[in-house]
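# any chance you could fold what I've pasted below:
(one chain, ligands or ions: 2)
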Amino acid sequence: MDGWILGLESTAHTLSYGAVLSNGQALPAATDTIRPTVGGIHPREAADHHRDVADNLLTKLLEQHELSLSNLGGVAFSQGPGMGPCLQVGAGIARALAAAHEVPLIGVNHCVAHIEIGRSECDCDDPVLLYVSGGNTQVITRLDGRYRVLGETLDIGIGNMLDKFARKFGHPFPGGPVIEQHARAHLDAHPNATLDGLELPYAVRGMDMAFSGLMTAAVALVQKGAPFDAVCWSLQEHAFAACVEVAERAMAHSGKHELLLGGGVACNQRLRDMCTIMAKEREGSSHAPPRIYCIDNGTMIAQLGWLELGAGRTTSLNESAVDPGLRTDATPIAW
Ligand code: AMP
Ligand code: MG
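Ligands and ions are numbered 1, 2, ... in the order given. This is a model prediction of the structure:
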């Protein structure tokens, strides 16, 4: 393959440019995330943010890795799923760069990119992916040439649930890392902590999950006087147990032995530890990519673009419209 591949990620709160060299080597991305101080993320405001930072961020990536657009070999972008206005910013930049430099355009599936960067970084072959991010919570594996969603959240994503809970108590986005710190503080102060008095509803249906009831109950627990640290701990224990239970069921049904974590919530050490314990009990293995490749990043988009281009797939302008509802199983695995 000639030249390096640029990857553009813009599905939600983050604009990120990443790069993969022609030999497949992945380079860390240049990333900028909108962090509203009040309220959640509005798709239009996020899109405006992406537009505002786009130029400088690309320069940052090029300088950081001493890359030049003159030997660009292709431009990959997140075609979906995600927030329409945000996706459109990334797609617009990608189309313009590909046209200006006369290189192929490759529209890729964001969820599949999480899987592929994990597979290559962790050197695993045929995993069950536990994809836990702000907007998505899914258990996915490869069956009949496509990545199939075996189970998923029936309401909000687990990260969104953590962010909403944290925001109720004055912690701005992203709330997940704050909750992790408070949960750890609870355990440090109470090494033999139990869930007595901190029970929360636990919603697993087959291989699907739900998180909004859990969040409402956790908020109520704090409002009734339970210590914030203790509720953060209980919230993590319940939410992660639901994910691990579903992942284990997916491994059992599909007969697979590797578990792979992806998405921003996969930065959480407690979740990583719970997955390791479960996989070990099944005589399997659990893998988590470096944290810079768990959160949304342009490198994973470049890497999937590199794979797709290597398999001969490019996206014509006519096919380059974004698809906010793009399904994981819509992408044939051609590589
Ligand atoms: P993503 O949508 O994949 O970019 O991931 C963003 C989500 O990951 C947000 O909901 C964050 O709160 C969450 N997150 C990031 N770090 C952690 C962490 N250490 N523990 C739990 N959630 C986290
Ligand atoms: Mg993501």
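
# tally up the residues packed near the residue in the stretch 51-200 of the chain that ligand 1 sits nearest to, please.
Using Cβ to the nearest ligand atom, the single residue of the stretch 51-200 of the chain nearest to ligand 1 is G176, 2.0 Å away. Heads up, the C-betas are built off the backbone N, CA and C, glycines and all. Neighbour count of G176, defined by other Cβ atoms under 10 Å: 25.

# ok, G40 next?
Residues near G40, counting by other Cβ under 10 Å, number 12.

# tell me which element it is part of?
Assigned by DSSP states H and E, G40 belongs to neither a helix nor a strand.

# ok, back up a step: would you check how far apart the residue of the stretch 51-200 of the chain closest to ligand 1 and R291 are?
Using Cβ to Cβ, to the nearest Å, we find G176 at a distance of 12 Å from R291.

# shared neighbours of these two, anything?
C267 (Cβ atoms under 8 Å, 6 or more residues apart in numbering).

# surely the residue of the stretch 51-200 of the chain closest to ligand 1 touches A266?
No: using Cβ atoms under 8 Å, G176 is not in contact with A266, being 10.1 Å away.

# which stretch of helix or strand covers the nearest residue to the residue of the stretch 51-200 of the chain closest to ligand 1 once chain neighbours are set aside?
Spatial nearest neighbour of G176, chain neighbours left out: L162 (4.4 Å); criterion: Cβ to Cβ, 6 or more residues apart in numbering. Using DSSP H and E, L162 maps to helix 158-168.

# give me the contact list for that helix.
39-40, 132-135, 137, 156, 172-176, 178-179, 209, 211-212, 214-215, 218-219, 235, 239, 243, 263-265.

# ok, it near ligand 2 or not?
No: Helix 158-168 does not reach ligand 2 (Cβ under 5 Å from the ion); its nearest approach is 8.8 Å.

# distance of the spatially most central residue of the chain relative to ligand 1?
Nearest to the mean C-alpha position of the chain, by Cα atoms, centre = their mean, lies G263 at 2.6 Å. Separation of G263 from ligand 1 (Cβ to the nearest ligand atom, to the nearest Å) stands at 4 Å.

# quick one: residues contacting the closest residue to that residue other than its chain neighbours.
Ranked by Cβ to Cβ, 6+ apart and with sequence neighbours excluded, the top spatial neighbour of G263 is S133, at 3.2 Å. Applying Cβ under 8 Å, 6+ apart, one finds that S133 lies in contact with 114, 157-159, 262-265, 296.

# what does A26 give?
By Cβ under 8 Å, 6+ apart, the residues touching A26 are 18-20, 117, 120-121, 293, 299, 302-303.

# A218: how many residues sit nearby?
26.

# number of residues surrounding N56?
Neighbour count for N56, taken as other Cβ under 10 Å: 10.

# a helix runs through Y147, doesn't it?
No: counting by DSSP: H, G, I helix; E, B strand; the rest coil, Y147 falls outside a helix, being strand.

# hmm, it is touching P332, no?
No: in this structure, Y147 is not within contact of P332 by Cβ under 8 Å, at 9.9 Å.

# neighbour count: these two, which is higher?
With neighbours defined as other Cβ under 10 Å, Y147 and P332 compare such that Y147 has more, 23 against 11.

# quickly list what that one is bridged to.
With DSSP bridges applied, Y147 shows beta-bridge pairing to R142.

# how close does it get to S68?
Distance from Y147 to S68, by Cβ to Cβ: 34 Å.

# with E281 instead?
Per Cβ to Cβ, E281 is found 50 Å from S68.
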